[in-house]
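Q: Give the three-dimensional model of this entry:
(2 chains)
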Amino acid sequence: MSSARLSTSPPPRPETAAEPQKRTMTGAQILWECLEREGVQHVFGYPGGAILPAYDALKHSRIYHVLVRHEQGAAHMADGYSRASGRVGVAVATSGPGATNLVTGIATAMMDSSPMVCITGQVGSRALGSDAFQETDITGITLPITKHNYLVTHSEQIAPAIREAFHIARSGRPGPVLVDITKDAQQASCEFDWDAAAPKLPGYRPDLSPAPEQYARAVELIHQAKRPVILAGHGVIFSGAMAEVRELAERASIPVALTLLGLGAFPASHPLNLGMMGMHGEAWVNQAIQEADLLLALGMRFDDRVTGDLRTYAKGAKKIHIEIDPAEINKAVKVDAALIGDLRPVLRELLMHVESADRSAWLAAIDGMKGASAVRDIQNLPDSGHLYAAHVINDLWRETREADTVVVTDVGQHQMWEAQYYKHEHPRSLITSGGLGTMGFALPAAIGAKMARPEAEVWVVAGDGGFQMTMAELATIVQEKLKINVAIINNGYLGMVRQWQEFFYERNYQSTPLLSPDFVKLAEAYGILGMSVTGRPQVIPAIRAARQHDGPVVIDFRVEQEDTVYPMVPAGASLHDMIRRPSPLVETAADE
Amino acid sequence: MLHTFVVHVENKPGVLTRVASLFRRRGFNIDSLTVGRTERPEVSRMTISVDTNPDQAQRVEANLYKLVNVLLVEDITHEPAITRDLAMIRVATPGGARTQVLELVYIFRARVVDIAPESVVIEITGTEDKIDGMVELLRPYGVLEMVRTGIVAMRRGASPGPAAAGTELATLAAESNLRQLA
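A: I've put the predicted structure just below:
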């Protein structure tokens, strides 16, 4: 497979607008034609036998193909592309191992409702079911982790399947859709008719709207509430309802708590912003939720990481749930009003009836809950000679806050510190795997984000564990000449697992100490600038040098090894039962 | 308790797998599932009996709607409906038992569809309760083999219900989703 480069701005296609409505084309040509018409500009993929007809036809397409190093990377890139831009990300792989390598990335996108279309090649239709070379039942495998999927065995079915796939992926509650296309379907020719291929999905209803009485009930509950809290989730960003959430919060004086995936949906600097809720949310956020008399859940799904023990969750609160997926209503938490629909128009309708209110007593009570933890100022902690991840994240935030920055995090302690210490002002400025918690997500997702938003400053923040899972994609960064900065929060442990072992397994650090390569040399082997930072005074200079460098950079931040994410609600415990910081001025357990 | 759902789905390959997979991964306990053709060639109809509580029954319905090929879900548990199960039962008829067995067949309005020197095959259609009742009475003679189809169900009354041909399925489904939450 040669790495023939395609220009990013290929010449316009020879076809003109006067082209005939119906043309005879191969299935492979139809595939790319449909992707173009769906607005696709980039795909992330890896060629192989069963998808070769499609790759052969790619040379006639305007679509730019990014060659990945592992198909998992392709799926995460498509996911990151979609999260950065709101457009549907596309991953391409061959049959068998190519397809199965996509699985983790598809499951990641499913859990976080990322719109994505995966195209896989399949063995010839006559060989289906015969255990042919590189045959695997990928539609069967991905049945529970896709919003929908297709097995296409005839070229005539390609256009309808692709059109439906994009429609399903991006409408309603978004999600990944896989289209598995047999080799012979790619090779065969048929008449291509775009209009005739329009989606025919009589059972699919992405456009539900709330019952009128639910609006009335919600307005009544809001007006009666003395201690309301807004819980804003990923759905705010999908729906583009940031202004409406802000309008509601400001008019009715309701503080806003955010889920991990909701960060950026409401400005961190806003006086009504409480911060992140849940397992590693600040104590006052969870306390405010526990003491609230009304929760307004907006585009969030009461995940177990945000509720803790459901039996003790916000016992005194009425709940209003505004959510596009009916199956989420009353799933985890019984609600008093359910408004099923797209958040933005639903909030607009609601705002016609919500009156302004003064809730200064409640806001003052929450300020009281903050107490000492709110004045904890990581910047002014004395330099004890230790380098803490929190310092790195906080410095990164201070240095990049003015820029159009996208931070892509991996999974683990660094992810939580990022959520705590990087103050996100804008939607789509944080990309992270929330629901599935997929280590190895950050680096490939950042590549997707950079392809989608080339003007943005993209930072990977990853642990030494997760980074090593997908670091082969460094080659993709170099091949594509992408300016991406990588901050490895290197503590020599699988840190979050070590933290659980510390708290719940009597410090039995079984299989969590982790050997890493010399990341500086590794970077250099790829032709990437590598830096190593061991002390706090070097953090800001390294970040500045990375930003100024004309090319990708990897910074190995050697942070405190046994540092701990505080506060923490142990899994299954009540939200108010937090393990607090030993002292408000302590970042790490090692200083106890 | 047992909830009975009538699920109208697109008649396409793999739809049964999608429904069955949904029940498995969400932990819903299927008591019986039947699928067959309807008056419309493009629609298949499933009757699914699920052992569940009312809250979970709502989740079954909402999750079924997440499947793109599902057109309409009716929970007919509390609706006037006809439900039918069909069983074929091979019963031992040693000695003079055959006469007694045939008497039971007559009482239950079943039929004998095959006969051998020492056994008969009985076909019976009815509610699950009725078939259960007959099986209990046949058991002393020796039930050698039995197969049951699982139930099919249809609403009573003149109207074909919300699934009537030509009905705007999407509209109805949206309403049914919202009704359950009111």
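Q: Just the buried positions in the top helix by length along chain B, please.
A: What stands out as the longest helix in chain B, according to DSSP state H, is helix B:54-66. By 16 or more other CB atoms under 10 Å in any protein chain shown, the buried positions in helix B:54-66 come out as B:Gln56, B:Ala57, B:Gln58, B:Arg59, B:Val60, B:Glu61, B:Ala62, B:Asn63, B:Leu64, B:Tyr65, B:Lys66. Backbone N, C-alpha and C define where each C-beta goes, glycine included.
Q: Sheet partners, orientation included, of the next helix or strand along the chain from it?
A: Following helix B:54-66 in sequence order, the next helix or strand is strand B:70-75 (DSSP states H and E). If you go by DSSP bridges, strand B:70-75 pairs up with strand B:2-10 (antiparallel).
Q: What mean pLDDT does the partner strand get?
A: Throughout strand B:2-10, pLDDT has a mean value of 94.
Q: Give me the residues contacting the helix or strand hosting B:Glu123.
A: According to DSSP H and E, B:Glu123 maps onto strand B:119-126. In this structure, residues lying in contact with strand B:119-126 by CB atoms under 8 Å, 6 or more residues apart in numbering or on different chains are B:84-93, B:98, B:101-102, B:105, B:108-115, B:130-131, B:134, B:138, B:144.
Q: Return the list of strands paired to that strand, each annotated with direction.
A: strand B:81-92 (antiparallel), strand B:111-116 (antiparallel).
Q: Buried ones in that strand, by neighbour count?
A: Neighbour-count burial for strand B:119-126 [16+ other CB under 10 Å]: B:Ser119, B:Val120, B:Val121, B:Ile122, B:Ile124, B:Gly126.
Q: Equivalent analysis for stretch A:506-521, please.
A: A:Thr512, A:Leu514, A:Ser516, A:Phe519, A:Val520.
Q: re the thing from before, which of the contacts of strand B:119-126 are buried?
A: Of the contacts of strand B:119-126, these count as buried by 16+ other CB under 10 Å: B:84-93, B:98, B:101-102, B:105, B:108, B:110, B:130-131, B:134, B:138.
Q: which residues touch the residue of the stretch 51-200 of chain A found nearest chain B?
A: As assessed by CB to the nearest CB, chain B sits closest to A:His148 within the stretch 51-200 of chain A, at 4.5 Å. The contact partners of A:His148, by CB under 8 Å, 6+ apart, come to A:Glu164, A:Ala165, A:Ile168, A:Val177, B:Val68.
Q: Skip the chain neighbours and tell me the closest residue to it.
A: Distances taken as CB to CB, 6 or more residues apart in numbering or on different chains place B:Val68 nearest to A:His148, at 4.5 Å, with adjacent residues excluded.
Q: what about that neighbour, how many residues close to it?
A: 23 (other CB atoms under 10 Å in any protein chain shown).
Q: Surely it and A:Arg205 touch.
A: No. B:Val68 sits out of contact with A:Arg205 when judged by CB atoms under 8 Å, with a separation of 9.8 Å.
Q: Quick check: which ranges of chain A have low pLDDT?
A: Applying pLDDT under 70 to chain A picks out residues A:1-21, A:372-380, A:583-592.
Q: Show me the domain layout of it.
A: Here the domain parsing of chain A from automatic domain parsing is A:22-197, A:212-369, A:378-561.
Q: start to end distance for the first one?
A: Looking back up the chat, that one is domain A:22-197. End-to-end span of domain A:22-197 (CA to CA, to the nearest Å): 12 Å.
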